[in-house]
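Peer 1: below are the sequence and a predicted model for it; my questions follow.
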Amino acid sequence: QKEVEQDPGPLSVPEGAIVSLNCTYSNSAFQYFMWYRQYSRKGPELLMYTYSSGNKEDGRFTAQVDKSSKYISLFIRDSQPSDSATYLCAMKNGNNRLAFGKGNQVVVIP
Amino acid sequence: EAGVTQFPSHSVIEKGQTVTLRCDPISGHDNLYWYRRVMGKEIKFLLHFVKESKQDESGMPNNRFLAERTGGTYSTLKVQPAELEDSGVYFCASSRSAQETQYFGPGTRLLVL
């Protein structure tokens, strides 16, 4: 069983729509949860970081963690064409190796 | 502040050859990480340096891979001899402390023919 599962299917949405992405994980030792955004030919860049169950908002982005269900989500409100990128969930426990999901390619259509 | 840089951006080599990838972390970042993404798979951890010491190399796939970080500055990852399954994108990341955000470089795209 993979540590982190992220359905890698692409996602196309019209501009202004809400984008919803999610990951599940099997390792209950994970304490820190992240979402990275990766533009084409670039490295991943940290978008959201949280370490507790619940919601965390940053502008149009909301990260949600449910440790009891081992489930994390990212919501993008009022999506813009500039949000078109691959979104990767990542998590880690007490050591510092990140465990990534496969990523979702999101396309926001103007 | 300059970000993490990696060289080369692309490398195409034949099976059995040697390739050396280089990573320059953000200045002042003691922690340096190597990750790899092979086609169709997720990004996977290879190893973690703290300054010049290997803190965790449990993700290194086999002894054909050798990572060094001389003087605790830049790092190199050598693959010798390269195999077809080594093809992928190799990312380097750095962080000031082990608990802080890891900043990624743009990656080196390696193709082994």
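Peer 2: On my side now, so go ahead.

Peer 1: CA only for contacts and neighbour counts going forward, please
Peer 2: Fine.

Peer 1: you'd agree A:P10 is up against A:V108?
Peer 2: No. Counting by Cα atoms under 8 Å, A:P10 sits too far from A:V108 to count as a contact (11.0 Å).

Peer 1: and those two? Which one has more around it.
Peer 2: A:V108 (19 against 11; other Cα atoms under 10 Å in any protein chain shown).

Peer 1: bridged to residue 23, which residues?
Peer 2: As the question left the chain open, I've gone with chain A. Following DSSP bridges, A:C23 is listed with bridge partners A:I72.

Peer 1: my bad, the chain I had in mind was chain B
Peer 2: B:Q6, B:S75.

Peer 1: tell me how many other residues crowd it.
Peer 2: For B:C23, using other Cα under 10 Å, the count is 27.

Peer 1: same check on B:V50?
Peer 2: Neighbour number of B:V50 under other Cα under 10 Å is 20.

Peer 1: now swap in A:N95 and tell me
Peer 2: Neighbours of A:N95 using other Cα under 10 Å come to 11.

Peer 1: surely it is in a helix?
Peer 2: No. Assessed with DSSP: H, G, I helix; E, B strand; the rest coil, A:N95 is coil; it does not lie in a helix.

Peer 1: pLDDT score assigned to it?
Peer 2: With respect to pLDDT, A:N95 has a value of 74.

Peer 1: what's the distance between it and chain B?
Peer 2: Distance, A:N95 to chain B, by Cα to the nearest Cα, to the nearest Å: 8 Å.

Peer 1: verify the stated contact: A:Q6 with A:A99.
Peer 2: No. Judged on Cα under 8 Å, A:Q6 makes no contact with A:A99 at a distance of 11.5 Å.

Peer 1: who in chain A is up against chain B?
Peer 2: Within chain A, the positions adjacent to chain B are A:41-46, A:96-103 by Cα under 8 Å from any Cα of the partner chain.

Peer 1: tell me the SS of B:G71?
Peer 2: helix.

Peer 1: got it, and the one 10 residues further on?
Peer 2: State at B:P81, reduced to three classes by three-state DSSP: coil.
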